[in-house]
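>>> Sequence first, then the predicted structure:
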Amino acid sequence: MREIGVNTWVWTSPLTDADAVDLLRRIAAMGFDAVELPLENPGDLTVAAVRDALAETGLTPYVVGAMAPGRDLVDPVHVAATQDYLRACIDFAAGVGATSVCGPFYASTGRVWRMDADQRAAAYADVRTHLAPVVDHALEQGVRLGIEPLNRYETSLVNTVDQALTAFQPLLGDGLGLALDTYHLNIEERSSADAIRAAGTHLAHVQVCGSDRGAPGGDQTDWPALVAALDEVGYGGPLNIESFTADNASIATAASIWRPLAPTQDDLARDGLAFLRSLG
């Protein structure tokens, strides 16, 4: 049975040592197998505190990064600091036993700009050049990066699986794969299942939510087709629910969460878990 996990952004942002232990206990008590740990800033979480909480709860950890303003592998002003941030995410993941670090690791989320074909090709070349040493560091640490395409309202650089394959093909392998989120697939792909098939063996991680960013299940997503495609490409990793709380102003604005997506955030997590378990 595939592991089911949840991102702590469902409840809080940023996640810190101060609230990680209690929240991981809560997630484990709900019946989840895994947890996504966002490292929004180096130092928010320490290996010692999180490793102990994971040992206590038995949750399998996965790490996600946040491409806040000023994090960018296209703009040369921000490249060195962004590389340092990504290395910190990788080191944290290795320290807590997470096998992957996933996110839109190419440009600041929310930064959009027009490009012609030549400009896009040049931007992809720049990102590859600047990401390559980070991928090398991931390989050294035994961690795989997962590059996440985002919808058109959050980036203009990598929106689809085909674009991700075009941009990153030379780097794809043990140190770099694709991280796909059903929310973005629903917006950008003609078929989410076909996009998964296109990712194929490069699929490193999957995040799930309803088409409205709420709990998976009872929404417009063709879940049986999506799960069948995951089976076809041999994906054995987790399905991790990623949604966001509307109670935190910064995260609600960044993710455009303007209304509650469930009666409570616990309800969102429990309903999503129950539905994903029903998929088999």
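Ah, there it is.
>>> May I ask which helix or strand of this protein has the lowest mean pLDDT?
Lowest by mean pLDDT, DSSP states H and E among the helices and strands of the chain is helix 249-254, with a mean of 78.
>>> Quick check: buried residues in the next helix or strand after it?
For helix 249-254, the succeeding helix or strand toward the C-terminus, using DSSP states H and E, is helix 265-278. By neighbour count, and taking 16 or more other CB atoms under 10 Å as the criterion, the buried residues in helix 265-278 are Gln265, Leu268, Ala269, Arg270, Asp271, Gly272, Leu273, Phe275, Leu276. Every C-beta, even on glycine, is put in place using the N, C-alpha and C of the backbone.
>>> ok, now stretch 152-161?
Using 16+ other CB under 10 Å, the residues of stretch 152-161 that count as buried are Glu154, Thr155, Ser156, Leu157, Val158, Asn159, Thr160, Val161.
>>> For that stretch, give the mean pLDDT please.
Regarding stretch 152-161, the rounded mean pLDDT is 97.
>>> Enumerate residues external to that stretch that contact any of its residues.
With CB atoms under 8 Å, 6 or more residues apart in numbering as the test, stretch 152-161 has contacts from 74, 104, 106-107, 109-115, 120, 123, 127, 147, 149-151, 163-164, 167, 178, 180, 184, 187-189, 195-196, 198-199, 256.
>>> Out of those, which sit inside helices?
Using DSSP state H, the members of these that fall within helices are 120, 123, 127, 163-164, 167, 184, 187-188, 195-196, 198-199.
>>> Drop the exposed ones from those and show what's left.
Arg120, Ala123, Val127, Ala164, Ala167, His184, Ile187, Glu188, Ala195, Ile196, Ala198, Ala199.
>>> Quick check: the fifth one vs Tyr124, distance?
Right, Ala167. Distance from Ala167 to Tyr124, counting by CB to CB, to the nearest Å: 4 Å.
>>> in the stretch 51-200 of the chain, which ranges drop under the pLDDT threshold?
Applying pLDDT under 70 to the predicted model, the stretch 51-200 of the chain contains no residue that meets it.
>>> in the stretch 101-250 of the chain, which spans are strands?
Under the criterion DSSP state E, counting those that start in this stretch, strands of the stretch 101-250 of the chain are mapped to 144-147, 176-181, 203-208, 239-241.
>>> ok, residues contacting the third one?
Read that as strand 203-208. Residues from elsewhere that reach strand 203-208 (CB under 8 Å, 6+ apart): 7, 36, 62, 100, 102, 144-146, 148, 176-183, 196, 216, 230, 233, 235, 237-242, 272, 276.
>>> What subset of these is buried?
Using 16+ other CB under 10 Å as the burial test, the contacts of strand 203-208 include 7, 36, 62, 100, 102, 144-146, 148, 176-183, 196, 216, 230, 235, 237-242, 272, 276 as buried.
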